[in-house]
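Visitor: here are the coordinates; sequence isn't available:
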RNA sequence: GACCGCGGAUGGAGGGCCGCUCUUCCGCGCAAGCGGGGGGGAGGAACUUCCGAACUUCACAGGGCAGGGUGCCGGUUCAAAGCCGUUCAGCGGCCAUAGGCCGGGAGGCGGGGGCUACAUCCCCCGUCGACGGACAGCGCCACAGAGAACAUACCGCCCCGCAAGGGGUAAGGGUGAAAAGGUGCGGUAAGAGCGCACCGCGCGCCGGGCGACCGGCGCGGCAGGGCAAGCCCCUCCUGAAGCAAGGCCAAAAUUGCGCCUGGAUAGCCCGUCCGUCCCCCUCCGGGGGGAGGCGCAGAGUGGGCCGCAAUAGAUAAAUGGUCCUCCAGGUCCCGCAAGGGGCUGGACAGAAUUCGGGGUACAGUCCGCGGUCUGAA
RNA sequence: GCGGGCGUAGUUCAAUGGUAGAACACUAGCCUUCCAAGCUUGUUAUGUGGGUUCGAUUCCCAUCGCCCGCU
């Protein structure tokens, strides 16, 4: 498994998976993001993104999702194994580029204490 | 030449690294999948969902009603879809009373000109429009005004009367978006299509035009307000819903039917040993019911596949992120200038069954048309 | 993807085609030692652009924004 790969296994894809995170997970809120997170089985770290229509048009929403997905992809090894994470940018989210996306994700990681606890999954 | 408006075209280029999706080939793996190589991967509007077509399911003898839509005339334009024909790929034909485009006709509004002047009328220019019907019926026309829809008489004018008042009248004034067509002459007590001429209006005939309509002649003294993007009447069109259409596969649980009843030994069978759930009946052989297991069937949930790809084909939904170079463009600095350098920097917007048309958004560049200002001749 | 609906003061709502109102809020004044309450007064709006009409919040068309429903 390559370090920066982002295949379907890294995404939450089913209604059930989302429901499970909402039901069992904790909610953490930062300046720009709302996140639900829990630990599931296996080592795979999965992310799901929700962007409200109030954020803007399709172009803007896609851009936001791509930036957050890219930030997750690049900093994934910092996260706990088996993490299930749902990220929901608040309406009027100020994230406009990759640096801000990474910054927000790091803030979230620290606030929710989702750092990898040492058992490095060295590829 | 500058600026503005409208219409059209175009919708930055190349590369490195890390990723996504589809497809194909190779290798590994029981499989899920993993690794590697090749190839494809947003738009003129993909936006909007305003029209129409294909496609799908349901409904359907025939006719009508209701409902929805449509509305001057002529020409033209139509699909990488679909259907038909022919054919090797290709060609031809059919289908859109929706829309688009071009031209025309009556009409409204604004401006200019003409008939000496006003009004009407005529001509020209610009502009607007869903442009059948107001003697089929119903409804509504606020305020103002005397009167607003089988009209009316305030100030007036005329006659009678000393006056009060009575009668005639609809020219003039005034109100209004709209008040028994307009101008002139005659006529009259004063007036009035009361009479006449011209214009307007209605009807008929003739002529022109494919047609909407237009022109001419004759007749009628003039009927009668506006609104149908109010209800409505007439013409013509119209079965309904939409890919969340629709079709298929099919866990778990449930329902029905059938069969069977556990464990150890063992690769399997026989055999042997231990055990044999609950309730009822019993002639002690057994029978019935429940529970459990297995199989089959029905329906079809979660889920999946098809629909869904003639150069994208996903399904929490790919087509990206970042860096470098160049090219437009903007701005600042140096320079008399040519030029040089720094910083910045590319709009509107992203497929979800497909196709055609309309509408709307749009940086910069280019082209065309129009307007305003300025300059030269 | 499809089908419906709604846009009126700062807010919540009215208005047969005929001067756009009400409540709360806000401004000013009165009252009170002051505040609140009360009384009086005033300001503010038809999403935008066209069309029909003498006249449009209302009718029609386009556009923009918002809301709801359908697996």
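Guide: Okay, I see it. Just so it is clear, the model here is predicted, and its values are computed rather than measured.
Visitor: Mind telling me what element residue A:31 is part of?
Guide: If you go by DSSP states H and E, residue A:31 is not part of any helix or strand.
Visitor: Please apply the same query to residue A:63.
Guide: Per DSSP H and E: helix A:58-74 holds residue A:63.
Visitor: give me the low-pLDDT residue ranges for chain A?
Guide: Regions of chain A meeting the criterion pLDDT under 70 cover residues A:1-2, A:41-42, A:116-123.
Visitor: what does the helix holding residue A:63 rub up against?
Guide: Contact with helix A:58-74 is made by A:4, A:6, A:10, A:47, A:49, A:51, A:53, A:55, A:85, A:87, A:89, A:93, A:95, A:97-98, A:100-102, A:104-105, as judged by C-beta atoms under 8 Å, 6 or more residues apart in numbering. All C-beta atoms are positioned from the backbone trio N, CA, C, and that covers glycine.
Visitor: Kindly give a single PyMOL line that selects the buried subset of those residues.
Guide: With 16 or more other C-beta atoms under 10 Å as the burial test, the buried ones among those are selected in PyMOL as follows:
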select buried, chain A and resi 10+47+49+51+55+85+87+89+93+95+101+102+104+105
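Visitor: Mind checking which of the contacts of helix A:58-74 are in helices?
Guide: Residues of these located in helices (DSSP state H): A:98, A:100-102, A:104-105.
Visitor: Just give me the closest of those residues to RNA strand B.
Guide: residue A:98 (4.3 Å; C-beta to the nearest atom of the strand).
Visitor: any idea how far residue A:85 lies from residue A:57?
Guide: 26 Å (C-beta to C-beta, to the nearest Å).
Visitor: quick revisit: pull out whichever of the contacts of helix A:58-74 are also neighbours of RNA strand B.
Guide: A:4, A:6, A:49, A:97-98 (C-beta under 7 Å from any atom of the strand).
Visitor: Output those in JSON lines; the columns should cover distance to residue A:110.
Guide: JSON lines is the format used below for these (distance: C-beta to C-beta, whole Å):
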{"residue": "A:4", "distance to residue A:110": "22"}
{"residue": "A:6", "distance to residue A:110": "23"}
{"residue": "A:49", "distance to residue A:110": "20"}
{"residue": "A:97", "distance to residue A:110": "21"}
{"residue": "A:98", "distance to residue A:110": "19"}
